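Peer 1: for reference, the sequence and a predicted model appear below.
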Amino acid sequence: AQTVTQSQPEMSVQEAETVTLSCTYDTSESDYYLFWYKQPPSRQMILVIRQEAYKQQNATENRFSVNFQKAAKSFSLKISDSQLGDAAMYFCAYRSYYGGATNKLIFGTGTLLAVQP
Amino acid sequence: DTEVTQTPKHLVMGMTNKKSLKCEQHMGHRAMYWYKQKAKKPPELMFVYSYEKLSINESVPSRFSPECPNSSLLNLHLHALQPEDSALYLCASSQDKRGRVVGYTFGSGTRLTVV
């Protein structure tokens, strides 16, 4: 069975600085998706970034980028130029590439990010 | 329309009440999901509907009863709940292209309190 581990329960960053959130996972599959979701106090789970395992290039979305190391099974999220609105719980998630809706989205335990002004 | 809409946003119910949570999407997604989330924990999958058929029930107690009347709507009927069922209930939907799920969209949830 696949597992996702986030070893940092809480992180803090100064506004305008850069922070990296860690995520490791365990799987025997070669094709899968990895996601970072943000959940602010408003509660909605918002997709930050997605990476397909077959793509070697690291995904980037504006200030958010990932460092995907497939062999090491590592998928860290870097937030550059942190803003107050980045404060939220961040979840790393894994999903098999195949299998349709019956394959589950597997979440890590989350990292609570605080942004200091 | 790229949203998943959940109603109500907040619900307080007694242990003998019957209530329903509603979820709606108009993105043409054919997979819809119910998750339960406790504070500062990841969401836990409860049910999955694929093409309006229940495909996963994660051993959820029968006091939770899902229903998918059509491809845009998902309901969760609640009856005789316990205080420990108090949580945030999230609905999500996803495309399902030839057996491959491409992206999930989550609603903002219903905060349920059982008294």
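Peer 2: Nice, thanks for sending it over.
Peer 1: which parts of chain B sit against chain A?
Peer 2: B:30-31, B:33, B:40-43, B:45, B:48-50, B:55-56, B:88, B:90, B:92, B:94, B:96, B:99-101, B:103-109, B:111 (CB under 8 Å from any CB of the partner chain). Heads up, the C-betas are built off the backbone N, CA and C, glycines and all.
Peer 1: and these, which are buried?
Peer 2: Among the residues of chain B next to chain A, those classed as buried by 16 or more other CB atoms under 10 Å in any protein chain shown are B:30-31, B:33, B:42-43, B:45, B:48-50, B:56, B:88, B:90, B:92, B:94, B:96, B:100-101, B:104-109, B:111.
Peer 1: in chain A, which residue is closest to the centre?
Peer 2: residue A:36 (2.9 Å; CA atoms, centre = their mean).
Peer 1: show me what contacts it?
Peer 2: A:21, A:23, A:47-49, A:64, A:66, A:75, A:77, A:90-93 (CB atoms under 8 Å, 6 or more residues apart in numbering or on different chains).
Peer 1: the same query, at a cut-off of 10 Å, please.
Peer 2: Shown in contact with residue A:36 (CB atoms under 10 Å, 6 or more residues apart in numbering or on different chains): A:21, A:23, A:46-51, A:59, A:61, A:64, A:66, A:75-77, A:79, A:90-93, A:108, A:111.
Peer 1: elements contacting whichever strand or helix holds residue B:111?
Peer 2: Assigned by DSSP states H and E, residue B:111 belongs to strand B:110-114. Here strand B:110-114 touches strand B:10-13, strand B:18-25, strand B:73-79, strand B:87-97, going by 3 or more CB pairs under 10 Å, 6 or more residues apart in numbering or on different chains; DSSP states H and E.
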